[in-house]
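> I'll drop the sequence and a predicted model, then ask my questions.
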Amino acid sequence: MTMAPRHLRKHLLTALVLAALTFAASAQDKPDDIRLPDLGSSANALISPQEAQDYGAMMLQQMRALDMVVDDPLLDDYINNLGFRLVANSAKPKDHFAFFIAKDPVINAFSAPGGYIGINSGLLVITRNEDELAAVMAHEIGHITQNHLQRAYESAKKDTPLMALVALGAIAAGGAAGGQAAAAALLGGQGAIMQKEINFTRKDEAEADRTGIMTLSKAGFDPNAMANFFQRMEDVQSADSGGINVPSLLQDHPVTAQRIADAKSRAGALIAEQKSQPSGSLLDKKSWSQQTAPIAYVKDPTTLLASDSAAPGPNNYLLMRERVRVLSDDPFRASAYYGALLSRQDGSNKTPENLYGYALALTRCGQGAKAVSQLQPLLEKYPDNLVLRLAMADARYQAGERAAALALYSTLNTQSPRNKAIGVAYAHALTVGGSKAQASQAADMLRPMLEDTDEPDLFTAYAKASEKAGDSVRAGEAYAQASYLSGRPFDAMEQLKTLLKRGDLDYYARARIQAHIAELTPLVMELRKRRVATDDNPDGNNQGQQQLDSNGVCSGKLCFGLGNGRP
């Protein structure tokens with residue numbers, strides 16, 4: 001387990017600015033007229049690729065601290081497999097990328113340093129097919145591969161000190177009062193550079209369109225999907241129908257008739273080029289969504305999902321779209337939505353994806369038995385679909401059928417070992433109400449999954465299992481890592497320092513904890529030095545806290561005293 005980025009040593013303030021800007025740009029309550037610049041720095045001069053990756057990681061942690069991320073292993077599985085299918089066919093297939101879903105109903109997407117790309121839940125829900133979703137993601141990948149973030153910094157670097165001060169105010173406001181305060185803080189300082197940034201962005205948008213359409217085509221998706229999606233969004237806005245919140249997308253990605261025409265022209269040229277290829281080219285396939293990428297992309301072997309509609313059973317894109325709808329909304333409101341949708345007399349809405357969404361909502365509402373009844377006919381039709389079987393295991397567990405649920409989880413885990421979605425659910429069922437031996441089994445199952453993840457829920461599940469199994473040291477380390485990944489570095493440091501005081505640590509445990517503290521210390525010291533407010537230190541000051549020395553050791557009478565020590 002790695003506690004903190006190893007290269008997070010300079011330009012830390014930039015990372016905090018990025019976190020604040022992303023927070024304000026994505027806040028549910030932000031006014032539609034906010035247009036924030038992307039801040040980066042020259043890839044070859046002021047910032048290294050590793051530092052850019054560190055900054056993006058910190059942005060994601062701060063968003064998690066503000067409960068702005070849909071943290072779900074199954075959705076993370078899907079969006080990253082789809083994303084890497086596109087990346088494999090992009091201009092820079094070897095660069096670092098990471099994809100996540102932001103808990104925001106506003107229809108938008110955004111890119112950040114280090115290849116971090118966020119897709120708002122509102123955008124995913126409004127797409128009609130996987131080609132449209134892939135089109136938006138390919139566009140954002142284009143912003144990264146064409147170095148638009150670096151260009152934006154070079155263009156606006158004279159204004160950066162002003163934006164840094166305003167953004168730091170937004171962090172403090174966000175920690176105390178949420179989206180409206182953060183947006184208000186940013187409104188005061190961004191107007192002076194707003195027009196320049198919009199003009200600069202329009203050029204970048206055209207370039208991202210061009211490279212994105214090429215990526216779409218190479219990855220086997222419909223190259224017309226990008227123009228079609230933007231055209232549909234513009235039509236919806238013009239008609240002002242359905243109360244759909246579109247302005248954010250069209251403001252951050254300005255759409256004109258000329259731009260849509262250019263996108264269609266590029267797509268048409270690519271299609272014509274493919275038609276001229278010998279037999280066996282992509283266009284010989286029945287549909288774009290059934291094509292495979294001509295550039296080799298090895299799908300994560302642990303995934304339950306295929307990022308296309310050729311997979312047997314229900315369309316996984318449609319299932320994941322409904323999963324996003326449920327997990328990003330109040331479960332009772334989602335349950336009412338599906339209940340009304342499925343009540344139509346003609347039965348036209350009783351599709352697999354709607355039944356799946358209804359079952360998820362019911363399970364989250366504590367109505368597991370009713371969820372089982374919704375899933376049963378689906379599984380009779382699609383008995384081998386792993387997504388539906390996992391939903392059934394969750395529903396049976398919630399309904400109190402623990403033994404049946406454990407049997408289902410066990411079978412799924414045997415078929416897809418090291419799958420995080422199965423592992424977290426199975427570990428929870430083994431740990432809660434289980435024996436010490438079952439908790440130990442859960443910890444053993446999860447431990448290998450911790451090597452390549454930054455998902456706090458996975459560390460929390462491992463911590464709970466280890467705690468019940470009697471390994472309180474490993475549990476404490478995992479709780480601290482979950483706090484750090486959730487944007488609470490002060491809490492993480494407090495937990496690690498408490499662990500270090502234990503008299504029963506062996507040499508290896510002590511060495512691990514000291515290494516975690518050493519890695520986390522520069523970040524904590526910088527946050528305190530700049531009096532930056534975080535979720536676990538909302539005042540952003542040093543009052544009542546000790547000063548850390550260079551080794552992360554408290555030098556005064558008091559220790560942090562921040563938080564309750566666990567996520």
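Nice, I can see it. Since we're looking at a predicted model, the values are computed, not measured.
> Quick check: buried residues in stretch 380-388?
382, 385-388 (16 or more other Cβ atoms under 10 Å). For every residue, glycine as well, the C-beta is placed using N, CA and C.
> with the residues you listed in mind, which one is nearest to Gly56?
Val387 (28.9 Å; Cβ to Cβ).
> Now that closest one: which helix or strand?
helix 386-398 (DSSP states H and E).
> Moving C-terminal from that helix, which element do we reach first?
Following helix 386-398 in sequence, per DSSP H and E, is helix 402-415.
> ok, then the element right after that following helix?
Per DSSP H and E, the helix or strand that comes after helix 402-415 is helix 420-431.
> so the helix or strand following that following helix versus helix 402-415, what angle?
The element immediately downstream of helix 420-431 (helix or strand, assigned by DSSP H and E) is helix 436-446. Interaxial angle, helix 436-446 versus helix 402-415 (axes from the mean of the first three to the mean of the last three Cα atoms, to 10 degrees): 30 degrees.
> How is this protein divided into domains?
Taking automatic domain parsing as the criterion, the chain consists of the domains 12-272, 316-469, 471-567.
> Could I get the ones you listed in CSV, plus columns for mean pLDDT?
Converted to CSV, the domains of the chain look like this (pLDDT from 0 to 100):
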stretch, mean pLDDT
domain 12-272, 68
domain 316-469, 96
domain 471-567, 75
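> buried residues in the helix or strand containing Glu526?
Using DSSP H and E, Glu526 sits within helix 507-529. By 16+ other Cβ under 10 Å, the buried positions in helix 507-529 come out as 509, 512-514, 516-517, 519-528.
> got it, and stretch 89-102?
By neighbour count on 16+ other Cβ under 10 Å, the buried set for stretch 89-102 is 89-90, 93, 95-102.
> just stretch 315-326 next, same as before
Within stretch 315-326, the residues that qualify as buried by neighbour count (16+ other Cβ under 10 Å) are 315-326.
> And for that stretch, what's in contact with it?
Stretch 315-326 is contacted by residues 70, 72, 74-75, 78-79, 101, 121, 124-125, 127, 129-130, 133, 305-307, 309, 334, 337, 351-354, 356-357, 360-361, 364, 387-388 when judged by Cβ atoms under 8 Å, 6 or more residues apart in numbering.
> could you flag which of these are buried?
Counted by 16+ other Cβ under 10 Å, these give 70, 72, 74-75, 78-79, 101, 121, 124, 127, 129-130, 133, 305-307, 309, 334, 337, 351-354, 356-357, 360-361, 364, 387-388 as buried.
> Let's see which of those end up in helices.
74-75, 78-79, 121, 124, 130, 133, 334, 337, 352-354, 356-357, 360-361, 364, 387-388 (DSSP state H).
> Would you map the strands across this protein?
98-102, 109-112, 116-120 (DSSP state E).
> Format those as TSV; extra columns: distance to Ser48.
Formatted as TSV, the strands of the chain follow (distance: least, Cβ to Cβ, whole Å):
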stretch	distance to Ser48
strand 98-102	17
strand 109-112	16
strand 116-120	16
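> and the end-to-end length of stretch 115-135?
17 Å (Cα to Cα, to the nearest Å).
> Mind giving me the packing neighbours of the helix holding Val387?
Judged by 3 or more Cβ pairs under 8 Å, 6 or more residues apart in numbering; DSSP states H and E, the packing partners of helix 386-398 are helix 316-327, helix 352-364, helix 368-381, helix 402-415, helix 420-431.
> cutoff 7 Å now
Helix 386-398 sits against helix 352-364, helix 368-381, helix 402-415, helix 420-431, with contacts defined as 3 or more Cβ pairs under 7 Å, 6 or more residues apart in numbering; DSSP states H and E.
> Now render these as CSV, adding distance to His143.
Converted to CSV, the helices and strands packed on helix 386-398 look like this (distance: least, Cβ to Cβ, whole Å):
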stretch, distance to His143
helix 352-364, 30
helix 368-381, 39
helix 402-415, 37
helix 420-431, 28
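> measure Glu130 to Asn228 for me?
Distance of Glu130 to Asn228, computed by Cβ to Cβ, to the nearest Å: 13 Å.
> before we move on, back to that, and the strands of the chain: which comes nearest Met445?
Nearest of the strands of the chain (Cβ to Cβ): strand 98-102, 24.3 Å.
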